[in-house]
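Sequence and predicted model, in that order:
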Amino acid sequence: MLPEIQANVCSTRFVNFPEPAIINNSPGVTAVCTPESGSFFPSGTTTVTCTATDANGNTCTCTFRVTVTVDPCRFFSRRCRRRSTGSHNHS
């Protein structure tokens with residue numbers, strides 16, 4: 001069983017995770033995860049499904065969960081607001 005990935009954020013999050021480790025006797029194994037690493041994940045739990053396919057067409061699928069939790073303390077303390085970049089004087 002793969003571990004669950006958790007992120008405490010203000011609302012939503014782009015989540016990165018490592019490529020799945022694949023052990024196979026056949027060359028040319030590729031893996032595709034949906035949603036893919038770097039995708040936008042909404043608040044709550046999303047199941048990621050990864051499928052590995054070798055050159056012979058054999059497949060193996062695994063899943064894991066990504067949980068994005070809204071941190072209410074950060075949300076209500078207004079620390080979630082975008083910070084102003086201020087004004088800059090260009091010469």
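Sure, I can see it.

C-alpha only now, for contacts and for neighbours.
Fine.

Specify which residues of this structure, grouped into ranges, have pLDDT under the cut-off.
1-12, 71-91 (pLDDT under 70).

can you give me the helices in it?
72-76 (DSSP state H).

Output the longest strand belonging to it.
strand 59-70 (DSSP state E).

Partner strands of that strand, with direction?
Next to strand 59-70 in the sheet, as set by DSSP bridges, lie strand 5-9 (parallel), strand 44-53 (antiparallel).

buried sites along that strand?
Neighbour counts over strand 59-70 (16 or more other C-alpha atoms under 10 Å) mark Arg65, Val66, Thr67, Val68, Thr69, Val70 as buried.

contacting residues around stretch 22-42?
11-20, 48-56, 68 (C-alpha atoms under 8 Å, 6 or more residues apart in numbering).

Just want to check the distance between Gly57 and Cys50.
Per C-alpha to C-alpha, to the nearest Å, Gly57 is found 15 Å from Cys50.

more crowded one of those two?
The residue with more neighbours, out of Gly57 and Cys50, is Cys50; 18 against 8, by other C-alpha atoms under 10 Å.

Give me the nearest residue to that one, chain neighbours excluded.
Cys33 (4.0 Å; C-alpha to C-alpha, 6 or more residues apart in numbering).

All set, thanks.
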